[in-house]
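Colleague: need coordinates for the following:
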Amino acid sequence: MVEIMTENKFDYFINGEKNKWEVIIGLEVHAQVLSKSKLFSSSSTKFGAEPNTQVSLVDSALPGMLPVINQFCIEQSIKTGLGLKAKINRHSVFDRKNYFYADLPQGYQISQYKNPIVGEGEVILDMPYGTKKIGIERLHLEQDAGKSIHDMDPENTFVDLNRSGIALMEIVSKPDLRSPEEVNAYVKKLRSIMRYLATCDGNMQEGSLRADVNVSVRKVGDIKYGTRCEIKNVNSIKFMQMAIEYEAKRQVELLEDGKAVDQETRLFDTKKNKTKSMRLKEEAHDYRYFPDPDLLPLEIDKSLIDKLKKTLPELPDEKKDRFMKIYNISAYEANILVSEKEISDYYEEVIKQADKKLAANWIMGDLFAVLNKKNISIARSPVSPKNLSILINLISSEEISGRIAKEVFEIMIEKDDNPKVIVESKGLRQQSDPIELEKIITEILTKNKDKVAQYKNGKEKLFGFFIGQVMKSSGGRANPKLVNEILKSKLK
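Modeller: The predicted structure follows:
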């Protein structure tokens with residue numbers, strides 16, 4: 001029996017009947033360049049258009065049609081490379097990658113091979129056991145294929161060429177990933193960086209981000225890599241994790257039975273939760289790469305790279321460090337708040353006039369709960385940053401308690417009104433008059449003399465009972481801090 005196990009917070013292993021195995025993972029992430037037009041034509045890239053309505057003569061590969069490079073896509077790729085702290089290759093070549101698919105009109109894909117636009121870089125992961133650096137092998141530009149549709153007719157396959165020619169950045173990692181959890185963190189971090197840079201929107205449900213997952217296993221302690229299998233076009237992080245777990249176990253079972261793992265391309269069946277063979281894995285020479293004769297090599301000026309470098313925004317890692325130093329929040333809180341640019345922008349808007357720690361707690365707690373329930377992003381939050389900051393200030397100034405704040409927040413979700421107006425109109429202002437509170441407490445202690453006696457005889461848990469009675473009597477508006485102070489004084 002093959003069993004996946006985590007021995008401690010650092011290790012992810014597969015226990016076979018004979019050996020313990022390590023999983024080696026590398027990802028080829030295909031990220032659609034955020035651009036209004038395609039890589040080699042002026043056709044629109046808008047998602048959801050009617051089939052074959054965004055196809056130029058170049059995209060459909062009619063004879064004599066020549067590709068023209070979209071300079072904006074080149075700049076977007078350079079920005080992504082800079083965001084990955086990677087080397088930008090000033091000399092870059094487009095190649096023809098030859099293979100046949102019904103939805104690839106040219107019979108080849110314009111891609112890059114030996115001279116990609118971006119070289120080695122890195123992505124830093126924040127894992128529960130510390131930071132881990134994942135190497136980037138390369139980033140190259142290529143055109144996407146069209147889409148084959150198999151479920152519209154029982155006998156025929158339809159082809160939609162709207163995606164044909166859309167610019168993709170293929171970001172190839174080194175085989176540095178060791179678990180599905182690290183893959184999860186890596187894809188999210190990569191997506192976050194590109195969204196900060198506005199070079200890819202990262203919408204996996206629209207096909208803007210998908211990955212080929214390379215998986216192999218080796219005995220713990222071995223240095224040599226095992227035979228890898230490539231799982232093609234996985235379009236969600238959850239499916240990537242599921243595919244890795246299944247494929248790693250499958251390979252271990254083969255090896256433990258004395259069989260070999262074939263180097264092949266596989267597909268992941270999301271309904272059966274298993275991978276299945278698609279074809280034997282091609283090597284580079286199988287694609288017969290050669291420089292595209294219709295496209296001159298790219299010669300990128302250093303001045304362009306320097307200019308783009310100056311336009312880079314503050315990226316997640318830098319923003320995390322700043323949040324921790326200036327706002328005095330934990331690494332855990334900072335990681336969450338910088339995971340999406342919209343979240344960090346929202347947080348910084350709130351704390352312009354509100355307590356930084358309290359704001360982090362409210363955003364990560366109550367606000368995130370609402371957003372998850374409504375399945376919306378923070379950009380569509382029903383509560384504006386300004387009104388949330390006012391609510392937090394009402395808590396900080398002790399005008400309302402945390403309990404009342406939650407009641408006010410529920411009203412704000414339905415109607416993003418000024419919380420001060422809600423507090424006044426509903427009579428929810430916290431009762432902080434010591435004289436009034438002392439009257440309430442005296443009355444409750446008088447009514448519960450038996451419990452007062454029990455408390456004085458050592459039954460100190462009754463303190464909570466008295467607090468509850470005061471809150472009930474005040475309609476939940478009594479200042480908890482003052483109640484505690486007065487009650488302790490009275491019971492002495």
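
Colleague: domain ranges for this structure?
Modeller: 3-307, 314-426, 434-491 (automatic domain parsing).

Colleague: can you add mean pLDDT and mean neighbour count and give those back as JSON lines?
Modeller: C-betas here are computed from N, CA, C, even on glycine. Putting these into JSON lines (pLDDT from 0 to 100; neighbours: other Cβ atoms under 10 Å) gives the following:
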{"stretch": "domain 3-307", "mean pLDDT": "93", "mean neighbour count": "17"}
{"stretch": "domain 314-426", "mean pLDDT": "94", "mean neighbour count": "17"}
{"stretch": "domain 434-491", "mean pLDDT": "73", "mean neighbour count": "15"}
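
Colleague: torsion angles phi and psi at Ile88?
Modeller: With angles defined as degrees, to the nearest 10, Ile88 shows backbone torsions of phi -100, psi 120.

Colleague: contact partners for it?
Modeller: Residues near Ile88 by Cβ atoms under 8 Å, 6 or more residues apart in numbering: Ile78, Gly81, Leu82, Ile117, Val118, Gly119, Ile300, Ile305.

Colleague: distance of the fourth one from Arg138?
Modeller: As for Ile117, its distance to Arg138 is 9 Å (criterion: Cβ to Cβ, to the nearest Å).

Colleague: now the strands for the stretch 101-250 of the chain?
Modeller: Using DSSP state E, counting those that start in this stretch, the strands assigned to the stretch 101-250 of the chain run over residues 108-111, 121-127, 130-143, 147-149, 158-160, 167-173, 209-219, 229-234.

Colleague: what is the nearest of the contacts of Ile88 to Asn479?
Modeller: Minimum distance to Asn479 across the contacts of Ile88 is 52.8 Å, recorded for Leu82 (Cβ to Cβ).

Colleague: other SSEs contacting the helix or strand hosting Thr446?
Modeller: Using DSSP states H and E, Thr446 sits within helix 434-447. Helices and strands touching helix 434-447, as assessed by 3 or more Cβ pairs under 8 Å, 6 or more residues apart in numbering; DSSP states H and E, comprise helix 462-473, helix 480-491.

Colleague: now the element after it, going C-ward?
Modeller: Scanning forward in sequence from helix 434-447, with DSSP H and E defining helices and strands, the next element found is helix 449-456.

Colleague: measure how that next one sits relative to helix 434-447, angle-wise.
Modeller: Between the axes of helix 449-456 and helix 434-447, defined by axes from the mean of the first three to the mean of the last three Cα atoms, to 10 degrees, the angle is 100 degrees.

Colleague: contact partners of helix 449-456?
Modeller: Helix 449-456 is touched from outside by Leu445, Leu462, Phe463, Phe465, Phe466, Leu491, with contacts defined as Cβ under 8 Å, 6+ apart.

Colleague: which one of these is nearest to Asp126?
Modeller: Phe463 (41.6 Å).

Colleague: list the contacts of the closest one.
Modeller: If you count contacts by Cβ under 8 Å, 6+ apart, Phe463 has them with Tyr455, Leu487, Leu491.

Colleague: could those go into a markdown table alongside distance to Ala211?
Modeller: Putting the contacts of Phe463 into a markdown table (distance: Cβ to Cβ, whole Å) gives the following:
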| residue | distance to Ala211 |
| --- | --- |
| Tyr455 | 63 |
| Leu487 | 59 |
| Leu491 | 63 |
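
Colleague: out of those residues, the closest to Gly207 would be?
Modeller: Using Cβ to Cβ, Leu487 comes nearest to Gly207 of those, at 61.5 Å.

Colleague: would you confirm that that closest one contacts Ile441?
Modeller: Yes - if you go by Cβ atoms under 8 Å, Leu487 and Ile441 touch, sitting 5.7 Å apart.

Colleague: starting at the chain centroid, how far to stretch 31-49?
Modeller: Mean C-alpha position of stretch 31-49 versus that of the full chain (Cα atoms, centre = their mean, to the nearest Å) differs by 23 Å.

Colleague: now do stretch 354-361
Modeller: Distance, stretch centre to chain centre, for stretch 354-361: 23 Å (Cα atoms, centre = their mean).

Colleague: rewinding a little: would you reformat the contacts of helix 449-456 as CSV and include distance to Gly48?
Modeller: Shown next, in CSV, are the contacts of helix 449-456 (distance: Cβ to Cβ, whole Å):
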residue, distance to Gly48
Leu445, 68
Leu462, 64
Phe463, 61
Phe465, 60
Phe466, 61
Leu491, 67
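
Colleague: measure the spatially closest residue to Glu17 that is not a sequence neighbour to Ser179 for me?
Modeller: In space, not counting the residues next to it along the chain, Glu17 is nearest to Glu256; the distance is 5.9 Å by Cβ to Cβ, 6 or more residues apart in numbering. In this view, Glu256 and Ser179 are 20 Å apart by Cβ to Cβ.

Colleague: tell me how far Glu485 lies from Ile390.
Modeller: If you measure Glu485 against Ile390 using Cβ to Cβ, the figure is 27 Å.
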